[in-house]
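Participant: could you look at this predicted model? Sequence included:
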Amino acid sequence: DTGVSQDPRHKITKRGQNVTFRCDPISEHNRLYWYRQTLGQGPEFLTYFQNEAQLEKSRLLSDRFSAERPKGSFSTLEIQRTEQGDSAMYLCASSLPRLAGRTDTQYFGPGTRLTVL
Amino acid sequence: KQEVTQIPAALSVPEGENLVLNCSFTDSAIYNLQWFRQDPGKGLTSLLLIQSSQREQTSGRLNASLDKSSGRSTLYIAASQPGDSATYLCAVRGTNAGGTSYGKLTFGQGTILTVHP
């Protein structure tokens, strides 16, 4: 069990460019979540996948944002035409469904820090 | 809309003290509540998860309680150590009308804890 991994860890881009982040969940975790965290704030929910289905999406996820999980394993988050307000830490988490003897704790990756100049 | 508030925003204590961090939430229809720790520039580490039917959970020097009816949770840290210095985040997972769970966590802004030797 290697934990949730995210790539890249840091991304600096110019305003107007497109960026894509990748998240690899813990093996066999069928649930995957994306959050965004700005300095001094708690994370804010962006979207949630169960297997390859995107089941919930925040209003924060404008039409410039798109997330995919094509085979129910890794996920990508793309931001098009980046703006300075997109600068934040993007966090990915994964979990298993709650069953007898097992909780549905969300396990977080180290995050991707995006800076838009 | 669920809102989560954490008090105090920051806390500085000498090593060895017992301390309490507070979390309150506005909608008592929760599925579970999770406490996390976040070190500067890093992702989140899950500390404790309390299901809505539970009153408390314990792990080592940590004890978390939940009073769903009053919309409150506390995290008790016994015999604090400098290594406990971090931001502590409380997060609530809501339920829908059928009692099943939405995927997202709603976070408080965190309590920044400093334990000095």
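Facilitator: Cool, the structure landed.

Participant: where does pLDDT dip in the chain?
Facilitator: I went with chain A, as the question did not name one. Judged by pLDDT under 70, chain A has its weakly predicted residues at A:1, A:98-102.

Participant: wait, chain B was what I had in mind.
Facilitator: For chain B, applying pLDDT under 70 flags the ranges B:97-102.

Participant: can you tell me which residues in it are near chain A?
Facilitator: B:4, B:32, B:34, B:36, B:41-46, B:49, B:51, B:89, B:91, B:101-110 (Cβ under 8 Å from any Cβ of the partner chain). Yep, even glycine has a C-beta here, placed from its N, CA and C like the rest.

Participant: just the strands in chain B please.
Facilitator: B:4-7, B:10-14, B:19-25, B:30-38, B:44-51, B:56-59, B:62-67, B:72-77, B:86-95, B:101-107, B:111-116 (DSSP state E).

Participant: so for residue A:76, which of the ones you listed sits nearest?
Facilitator: strand B:101-107 (17.9 Å; Cβ to Cβ).

Participant: got the end-to-end distance for stretch B:77-88?
Facilitator: Terminal residues of stretch B:77-88 lie 11 Å apart, using Cα to Cα, to the nearest Å.

Participant: tally of neighbours for residue B:31?
Facilitator: When neighbours are counted by other Cβ atoms under 10 Å in any protein chain shown, residue B:31 registers 19.

Participant: show me what contacts the residue nearest the centre of chain A?
Facilitator: By Cα atoms, centre = their mean, the mean C-alpha position of chain A lies nearest to residue A:34, the distance being 2.9 Å. When the contact criterion is Cβ atoms under 8 Å, 6 or more residues apart in numbering or on different chains, the partners of residue A:34 are A:23, A:45, A:46, A:47, A:48, A:67, A:75, A:77, A:90, A:91, A:92.
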